[in-house]
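Engineer: Need coordinates for the following:
(one chain, ligands or ions: 1)
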Amino acid sequence: MFWQRASRCEYSCAGMRRLQTTELGDIRSTYDTVVIGAGPAGCATAACFAARGASVLLIESNPKAARRFAGEWIHPEGARVLNAHGLLEGLESSVEGRGFAVFPNDGLGPIRLDYPGLATGLACEHETLVTHLRRRVAELSQVDYVEGVRGRLAATDAVELSAGGGKTHRVHSRRVVVAAGRSSRGIAEATREDQVSISLMAGLVVTDAHLPFDGYGHVIVGGPGPVLAYRIDQRRIRLCIDVPNAIRRGAHAPEWIWKSFAEVLPAALRPGVREGLSSASLSWASNAFRPRRYQAGSGVALVGDAAGVFHPLTAMGITMSLLDAEALAQAQSLPEYASRRASQSYIPELLSNAIYQAFVRSDPGSEAIRDSIYRTWRSSSAHRSRTMNLLGAASSSRGDFVRAFSRVALRAGAGALLSDPRTVVDLANWLKWPWASLHPQPASVRSRSLSWAAPESWDRSDFFRSRQPFKEKQDAN
Ligand SMILES: Cc1cc2nc3c(=O)[nH]c(=O)nc-3n(C[C@H](O)[C@H](O)[C@H](O)COP(=O)(O)OP(=O)(O)OC[C@H]3O[C@@H](n4cnc5c(N)ncnc54)[C@H](O)[C@@H]3O)c2cc1C
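Structural biologist: Residues are numbered from 1 along each chain as shown. Next up is the predicted model:
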């Protein structure tokens, strides 16, 4: 029977500590907070509300969803939220993250971007991280965690649970939080209509290989799309290989990936990638952009990917999710949360879009911006720190973004005037980002999606850069 009485049950996953789940029969009829979805956002939300004394029901429909290729790099601000709630305690296989190393493939060597003030983040294999978070949260006395149960919004203060077999049950709550990731459609009315598909991403795990900068996320530019590579534990390195939509046909073949990206990979990585690359070793994910919106209807909060998504090159999805959770638990009201997070996430969103497009597009304006970004990073430690503060969500200041972007745009403009004035027209395309960031309070989802607006030629395959010969230089600044 669906609602039979039972006690908290504990079961063991091979070699791991036990996960305490609550049996359906033990679920109460009322909670202070019900959270739908136990990914990073849902687990953090449950922990943040529990820390404030709330009773929480955390519902996960498909625990195996955590096995997919998804987020693994967490910026220092995200690590801070996890540490504040003891959620990282006992996590064995993670690696400290000190910043990024960008490989521009321009012959001048990689550029190291450290987190300011010796702050550190972390990287951890996605399933290991999510399983650990669920275990930690389920141990909290105020949290009841149920698995294999689908949650659906029945009213702003009620959630309908279904566990298969057609039986359903209603739980009432003062606060309902949707943390169901990108699949939140149908749970609460979300802003799906604004979603833009960007690219495919191939995930590859390479064992016993080397990275030039241990502890850094390596952003490797020069292939058809950027590659993000980082260590996820002592033995394994994750590669996230981006295949922009315009060239994705035929791009599933391992041979295509090798031919398209091998030349730009740092030499230390190449043998491991060659050896590890096969159809079976690749996992695929699709990347999209959806501007963030934090409230559905009048009374339901959205956190994490349910609120919005952007390209994972800047590895901000989990950190944004954790900051959402913290802000929601601290807010006096849902509108206060929604407005504060809309304002704080605006700049990370713009930055992520701007950096991705700068690294992928091949129109003269984009090339001028890209070269200017590299030159500015190389020449100014203050600019590197500002970028990392924005990237790691330590700053969401519009002033910082406008200063950083204006400096890059001015430098690019000056170079273009001297070499090819026609590029200046292309550069004007880029001004929409600093312009959009000056918008005092993003009034609508539509205005936020401006940052993804692109010229028609954005869709043409020849718009993307062709492979360039690999030019390696070992010294970073
Ligand atoms: C290829 C790729 C690489 C990425 N790399 C990074 C990275 O390095 N760093 C980073 O920060 N971010 C990265 N991201 C983004 C990151 O994975 C997401 O931002 C993050 O997982 C969002 O967490 P979430 O909890 O909101 O959603 P999810 O992780 O999607 O979790 C949602 C959970 O809700 C459950 N659920 C869904 N519907 C229901 C329902 N009706 N009832 C109950 N449960 C439900 C799902 O089963 C799932 O477990 C990456 C994304 C991709 C695709």
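Engineer: Could you measure from L239 over to the ligand?
Structural biologist: For L239, the distance to the ligand (Cβ to the nearest ligand atom, to the nearest Å) stands at 11 Å. Where C-beta positions appear, they are placed from N, C-alpha and C, glycine not excepted.
Engineer: how far away is that residue from S283?
Structural biologist: Distance, L239 to S283, using Cβ to Cβ, to the nearest Å: 11 Å.
Engineer: Identify the contacts common to the two.
Structural biologist: Among the neighbours of L239, those also in contact with S283 (Cβ atoms under 8 Å, 6 or more residues apart in numbering) are 202-204.
Engineer: Let me know the closest of the residues you listed to S184.
Structural biologist: G203 (22.7 Å; Cβ to Cβ).
Engineer: quick one, what contacts the closest one?
Structural biologist: By Cβ under 8 Å, 6+ apart, the contact set of G203 is 69, 238-241, 282-285.
Engineer: Look at it and report its pLDDT.
Structural biologist: For G203, the pLDDT comes out at 96.
Engineer: tell me which element it falls in.
Structural biologist: strand 196-207 (DSSP states H and E).
Engineer: Also H252?
Structural biologist: H252 belongs to no helix or strand, assigned by DSSP H and E.
Engineer: Quick check: the residue lying closest to it once chain neighbours are set aside vs the ligand, distance?
Structural biologist: Nearest in space to H252, with sequence neighbours left out and distances taken as Cβ to Cβ, 6 or more residues apart in numbering, is W284 at 7.3 Å. The spacing between W284 and the ligand, counted by Cβ to the nearest ligand atom, is 8 Å.
Engineer: part of a strand, is W284?
Structural biologist: Yes - read with DSSP: H, G, I helix; E, B strand; the rest coil, W284 is one of the residues of a strand.
Engineer: shouldn't it be in contact with A70?
Structural biologist: No - between W284 and A70 there is no contact under Cβ atoms under 8 Å: 11.5 Å.
Engineer: immediately after whichever strand or helix holds E77, which helix or strand?
Structural biologist: Per DSSP H and E, E77 falls inside helix 76-84. Next helix or strand after helix 76-84 toward the C-terminus (DSSP H and E): strand 94-97.
Engineer: quick one: contacts of that next one?
Structural biologist: Strand 94-97 is contacted from outside by 73-75, 88, 115, 120-124, 128-129, 215-217, 230-234, using Cβ under 8 Å, 6+ apart.
Engineer: Strands of the stretch 101-250 of the chain, residue ranges please.
Structural biologist: Under the criterion DSSP state E, counting those that start in this stretch, strands of the stretch 101-250 of the chain are mapped to 111-114, 121-124, 143-147, 150-155, 158-162, 168-178, 196-207, 216-220, 227-231, 236-244.
Engineer: meant to ask about the stretch 251-400 of the chain, not that
Structural biologist: Secondary structure of the stretch 251-400 of the chain (DSSP E, counting those that start in this stretch): strands at 283-289, 295-296, 300-302.
Engineer: taking these together, which one is wrapped up most tightly?
Structural biologist: For the strands of the stretch 251-400 of the chain, the largest average neighbour count (mean count of other Cβ atoms under 10 Å) is found in strand 300-302, namely a mean of 26.
Engineer: Does the ligand have contacts with that strand?
Structural biologist: No - under the criterion of Cβ under 6 Å from any ligand atom, the ligand is not reached by strand 300-302; the shortest gap measures 9.2 Å.
Engineer: for that strand, packing partners?
Structural biologist: Applying 3 or more Cβ pairs under 8 Å, 6 or more residues apart in numbering; DSSP states H and E, one finds that strand 300-302 contacts strand 168-178, strand 295-296, helix 334-360.
Engineer: Packing partners of the shortest one?
Structural biologist: It refers to strand 295-296. Contacting strand 295-296 under the criterion 3+ Cβ pairs under 8 Å, 6+ apart are the following elements: strand 300-302, helix 334-360.
Engineer: let's go with 7 Å and repeat that
Structural biologist: Using 3 or more Cβ pairs under 7 Å, 6 or more residues apart in numbering; DSSP states H and E, the elements in contact with strand 295-296 are strand 300-302.
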